[in-house]
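Colleague: how would this look folded up:
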Amino acid sequence: MRKTEARMIQAIRSALSDSHKAGRLLKCGNTEVTVKHHGIGGTLSHHRHVEILLHGHRIGLVEPGIMRISLFDCGYRTSTTKSRLNALLRAFVPGEGISQTD
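Modeller: Numbers count the residues shown, from 1 in each chain. Sure thing, here's the model as predicted:
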């Protein structure tokens, strides 16, 4: 795993372990991890999620409240995008991965 991907996973895990974190947690080259809160804390309307951005495009969304991870390629099927998505899958959905064939 690349150093950037290891730092990305570490930032996501840090955000998941501390529900009060918000804002940008990591900006490493072209990869960014941010935490966003919507609604009023402590109410049913409160929603929190962790976004993973690559070149400013959302490639991953982790929603800890409902235990869901969503992946997007944003139309960029590059090796970097696949590498970041595979790092997310290895960390949070063991045994799954993305591959490409001609």
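Colleague: A helix includes residue 88, no?
Modeller: Yes: per DSSP: H, G, I helix; E, B strand; the rest coil, residue 88 lies within a helix segment.
Colleague: Need the three-state assignment for the nearest residue to it once chain neighbours are set aside.
Modeller: Leaving out its chain neighbours, the residue that sits closest to residue 88 by CB to CB, 6 or more residues apart in numbering is residue 60, at 5.2 Å. Heads up, the C-betas are built off the backbone N, CA and C, glycines and all. The three-state label given to residue 60 by three-state DSSP is strand.
Colleague: Could you pull up the residues touching residue 60?
Modeller: 51-52, 69-72, 84-85, 88 (CB atoms under 8 Å, 6 or more residues apart in numbering).
Colleague: try 7 Å this time
Modeller: 52, 69-71, 88 (CB atoms under 7 Å, 6 or more residues apart in numbering).
Colleague: what bridges to it?
Modeller: Beta-bridge pairing of residue 60 under DSSP bridges involves residue 52, residue 71.
Colleague: and it, what pLDDT?
Modeller: Residue 60 is assigned 96 on the pLDDT scale.
Colleague: Just the buried ones out of the contacts of residue 60, please.
Modeller: Buried by 16 or more other CB atoms under 10 Å: 52, 69, 71, 88, out of the contacts of residue 60.
Colleague: Tabulate those (CSV), appending distance to residue 79.
Modeller: Listed next are the buried ones among the contacts of residue 60 as CSV, based on distance: CB to CB, whole Å:
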residue, distance to residue 79
52, 17
69, 21
71, 16
88, 15
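Colleague: would you list those residues in JSON lines and tack on distance to residue 34 and pLDDT?
Modeller: Output for the buried ones among the contacts of residue 60, formatted as JSON lines (distance: CB to CB, whole Å; pLDDT from 0 to 100):
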{"residue": "52", "distance to residue 34": "8", "pLDDT": "96"}
{"residue": "69", "distance to residue 34": "15", "pLDDT": "93"}
{"residue": "71", "distance to residue 34": "16", "pLDDT": "95"}
{"residue": "88", "distance to residue 34": "15", "pLDDT": "94"}
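Colleague: what's the closest of those to residue 26?
Modeller: Nearest to residue 26 among the buried ones among the contacts of residue 60: residue 52, at 9.2 Å, using CB to CB.
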